[in-house]
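Trainee: Okay, sequence plus prediction incoming.
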Amino acid sequence: MSAVAGTLLFSCTAHATIIHVSTSGSDQKDGSRWATAKRTIQAGINTASSGDEVWVAAGTYGERITHKSGVRLYGGFKGDEKTRDQRNFLTNISKIDGQKLGAVVTVRTGAALSTLIDGFTITNGIGASQGEVRYGGGVYALDACVTVENCVIASNNAGQGGGLYSNGEIVLKNNLFKENGSSTCVYGGGALLMFGPVAVQGNTFTSNRGTYGGALVLAYNSGEVSCNTFQANNSQVGGGIYNVGFRHPPIRQNTFKSNTGYFGAGVGCNGSNGDVTGNVFTSNSALLSGGALYLYNGATGTVSNNVITGCAGQCGFGGAIASNRANPTIVNNTMAGNTAAYGGGGVAFLEEGGGVLSSNIIAFCSSGVYGDYGTRPVLRTNSLYQNAGGNFCGVTPGPGNVLADPAFADRAAGDYRLQSISPCIDAATNADAPAVDFDGAPRPLDGDGSGDATADIGAFEAPGAVVAPDMNIGEVKSSTPDGELVGFKNVVVSASFAGLGFIYVQPADRSGGIRVDTTAAFAEGQVVNVMGHLRTVPETGERSVVPVAGSPVVVDGLSSSIIAEPVLMSHENLGGAAFGLQQGVTHSISLNNVGLLVNVWGRVTWVDTSGTSFTIWNGAVYTNAEVAVTDPDGNLGVRVKVAEGSSVPAVGYYVRLQGISSTVKNGTTSYPCVLMLGRYALLSL
């Protein structure tokens with residue numbers, strides 16, 4: 001919407017007249033106050049001039065009205081308000097009932113965009129007759145401009161535009177279109193918008209029905225369709241939106257859920273060249289092809305940054321997207337868990353189509369990408385993973401594909417952003433990537449810390465990698481206060497306790513180790529950069545890093561890994577003495593090694609009945625009770641905390657095990673402890 005139009009709509013001149021309408025009023029009165037309100041809305045409009053306001057109190061008005069250019073019509077009043085901002089159109093329902101006699105609201109030909117309908121329920125319209133066809137069941141705007149806000153347009157029907165018809169400039173904002181149209185509505189069960197510029201923002205379209213465009217038809221429009229919800233609408237083509245013509249407004253940041261149709265249950269594009277970007281498509285189901293989108297008849301638009309999940313082509317192709325005799329650019333979308341009966345659970349190219357498929361994630365689908373004989377799409381740098389029927393069929397895969405787990409942040413919770421360990425980071429094609437991602441973050445960013453900004457595959461761009469300072473772990477643990485920012489480069493993940501919420505890292509020279517608080521699934525042996533704020537863990541006294549956003553980050557992807565070698569450690573040296581701010585084992589005089597990967601062995605002397613820990617003793621004999629190595633319960637030896645899924649050995653067994661050197665407290669006294677990795681090995685003596 002233009003700035004000029006916005007000024008016309010939302011500024012109120014000091015000389016505007018307010019006409020009041022109430023079901024208890026009389027059309028013989030002047031309408032200047034609630035006490036002298038008019039009885040019918042039409043009488044109020046007839047009294048008003050351009051720039052005036054008509055305030056309508058709650059109640060049902062059984063009439064069909066013709067709206068006048070420049071008049072602002074407001075519903076939702078209780079009937080005693082002094083200012084417009086006192087109204088509440090959610091509780092004070094001003095209903096206009098067309099009684100199935102024609103269009104409920106007709107906007108007079110030539111009306112300006114400042115003509116406003118705001119805060120009404122518009123229902124039971126059957127449209128204005130043009131020959132044998134009826135147009136605009138609820139609102140009919142022929143060769144007129146109009147703004148409709150905060151209205152409920154429900155249970156209307158017409159052959160063209162069940163809820164609303166417009167062929168001029170229109171603003172639709174924060175309206176509910178519900179249960180409009182029927183099997184007799186050919187175009188636009190909810191609304192049919194033709195030719196004029198449109199601004200369709202913040203509306204909800206639910207349970208509308210039409211042959212083409214269950215909720216909305218866009219025909220040769222400019223403007224924008226953004227931030228709307230399309231749910232449970234039905235049509236043959238375009239359950240949510242049907243686009244026809246060589247142009248259509250961009251479709252951005254909308255939600256399409258549980259819409260149905262034969263083709264394109266979410267969106268159907270017939271020959272259009274507009275963008276479909278940044279939308280969420282979930283659980284849309286096409287009886288034939290294109291569960292989320294169906295592009296056909298020469299459509300050349302760009303489909304980008306969309307998240308498409310759980311959509312289906314029940315008896316056809318393209319669970320997420322089907323392109324039939326079209327040449328779209330399909331780039332940087334995330335498609336997961338979509339299905340098709342035949343080919344292309346992710347994307348299907350049908351008949352003699354082409355286009356570009358670049359930098360998309362297609363994962364956990366019934367199959368990946370399908371191409372009919374004669375199709376010629378260009379594919380590059382896509383990520384495909386666990387597609388049951390295979391990744392590619394009838395297409396050339398192209399270069400740079402990633403055939404590994406994309407590592408979504410939380411697929412079960414619907415979060416398809418990338419973890420920092422994702423192989424899709426910095427793996428896309430910059431020339432194809434949109435300037436921003438689904439969240440509006442800029443592309444490309446340097447997600448892996450390599451120094452080169454390369455776009456990520458999928459709808460989401462991971463944050464730029466944290467460039468960690470290269471600090472010495474031992475010096476940091478001993479001398480850096482809690483809360484300070486620290487960092488380590490090219491350290492090895494020595495142990496991963498994802499279920500407990502932390503990992504351990506150490507440099508390749510094994511000079512020290514430190515805990516990092518993260519629930520991300522890092523693999524032991526991965527090389528990472530870490531940056532975060534230091535803290536002391538109260539239960540153990542060890543130092544730990546609380547990572548900043550984007551840390552830790554894998555260096556050069558999943559392929560960079562080394563074997564983290566443990567240090568063979570005697571019980572007397574395990575944990576070591578306190579060293580500066582790093583706490584240690586009480587009475588120990590050894591070098592501090594808390595956080596380091598170690599190997600220990602001994603005979604099992606005690607087992608916790610809960611199966612979570614046991615104690616091993618290496619047979620050492622101590623002449624000084626102060627330096628004897630014991631566990632918190634006084635048993636000779638060191639305490640071992642059992643890893644998840646591991647069992648405990650029986651008392652008397654000799655075992656060898658690998659884990660992280662740590663401590664366990666009993667009051668103010670600290671004892672050596674090992675956080676066991678994997679399983680213990682029995683020793684034969």
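Mentor: Happy to help now that I have it.
Trainee: and the strand or helix carrying V598, which strands flank it?
Mentor: Applying DSSP states H and E as the criterion places V598 in strand 597-607. Strands that pair with strand 597-607, judged by DSSP bridges, come out as strand 567-568 (parallel), strand 613-617 (antiparallel), strand 654-666 (antiparallel).
Trainee: Tell me which of the ones you listed lies nearest to V152.
Mentor: Among the strands paired with strand 597-607, the nearest to V152 by Cβ to Cβ is strand 654-666 (61.4 Å). Heads up, the C-betas are built off the backbone N, CA and C, glycines and all.
Trainee: still on that earlier bit, in the strand holding V598, what's buried?
Mentor: 597-598, 600-604, 606-607 (16 or more other Cβ atoms under 10 Å).
Trainee: That one: how far from the chain's middle?
Mentor: Remark: strand 597-607 is offset 47 Å from the chain centroid, using Cα atoms, centre = their mean, to the nearest Å.
Trainee: ok, back up a step: please tabulate the buried residues of strand 597-607 in CSV, including the columns pLDDT and distance to A459.
Mentor: Formatted as CSV, these follow (pLDDT from 0 to 100; distance: Cβ to Cβ, whole Å):
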residue, pLDDT, distance to A459
L597, 93, 38
V598, 93, 43
V600, 92, 47
W601, 92, 51
G602, 92, 53
R603, 93, 56
V604, 93, 52
W606, 94, 53
V607, 93, 51
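Trainee: Now that we have the strands paired with strand 597-607, can you turn them into a markdown table and tack on mean pLDDT and distance to L293?
Mentor: A markdown table is the format used below for the strands paired with strand 597-607 (pLDDT from 0 to 100; distance: least, Cβ to Cβ, whole Å):
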| stretch | mean pLDDT | distance to L293 |
| --- | --- | --- |
| strand 567-568 | 90 | 57 |
| strand 613-617 | 93 | 55 |
| strand 654-666 | 91 | 50 |
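Trainee: As JSON lines, these with mean neighbour count and distance to G318 would be great.
Mentor: Supplementary listing: the strands paired with strand 597-607 in JSON lines, determined by neighbours: other Cβ atoms under 10 Å; distance: least, Cβ to Cβ, whole Å:
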{"stretch": "strand 567-568", "mean neighbour count": "13", "distance to G318": "56"}
{"stretch": "strand 613-617", "mean neighbour count": "23", "distance to G318": "54"}
{"stretch": "strand 654-666", "mean neighbour count": "21", "distance to G318": "49"}
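Trainee: L176: which of the ones you listed is closest?
Mentor: L176 sits nearest to strand 654-666 of all the strands paired with strand 597-607, at 57.2 Å, using Cβ to Cβ.
Trainee: In PDB, list the C-alpha atoms belonging to that closest one.
Mentor: The C-alpha coordinates for strand 654-666 follow below in PDB (Å, rounded to 0.1, in the frame of the first residue of the first chain):
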ATOM      1  CA  TYR A 654      39.000 -56.600  37.400                       C
ATOM      2  CA  VAL A 655      38.200 -54.000  34.800                       C
ATOM      3  CA  ARG A 656      39.800 -51.400  32.500                       C
ATOM      4  CA  LEU A 657      37.800 -48.400  31.400                       C
ATOM      5  CA  GLN A 658      38.100 -45.000  29.700                       C
ATOM      6  CA  GLY A 659      36.500 -41.800  30.800                       C
ATOM      7  CA  ILE A 660      37.000 -38.200  31.900                       C
ATOM      8  CA  SER A 661      39.000 -37.300  35.000                       C
ATOM      9  CA  SER A 662      36.700 -35.500  37.400                       C
ATOM     10  CA  THR A 663      35.900 -35.200  41.100                       C
ATOM     11  CA  VAL A 664      33.000 -35.900  43.400                       C
ATOM     12  CA  LYS A 665      32.200 -34.100  46.600                       C
ATOM     13  CA  ASN A 666      31.100 -35.200  50.100                       C
END
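Trainee: Name the next helix or strand downstream of that strand, please.
Mentor: With secondary structure assigned by DSSP H and E, strand 654-666 is succeeded by strand 669-676.
Trainee: Show residues contacting that next one.
Mentor: Strand 669-676 is contacted from outside by 495, 497, 540-541, 571, 574-575, 583-586, 588, 598, 600, 629-632, 638-643, 646, 657-665, using Cβ atoms under 8 Å, 6 or more residues apart in numbering.
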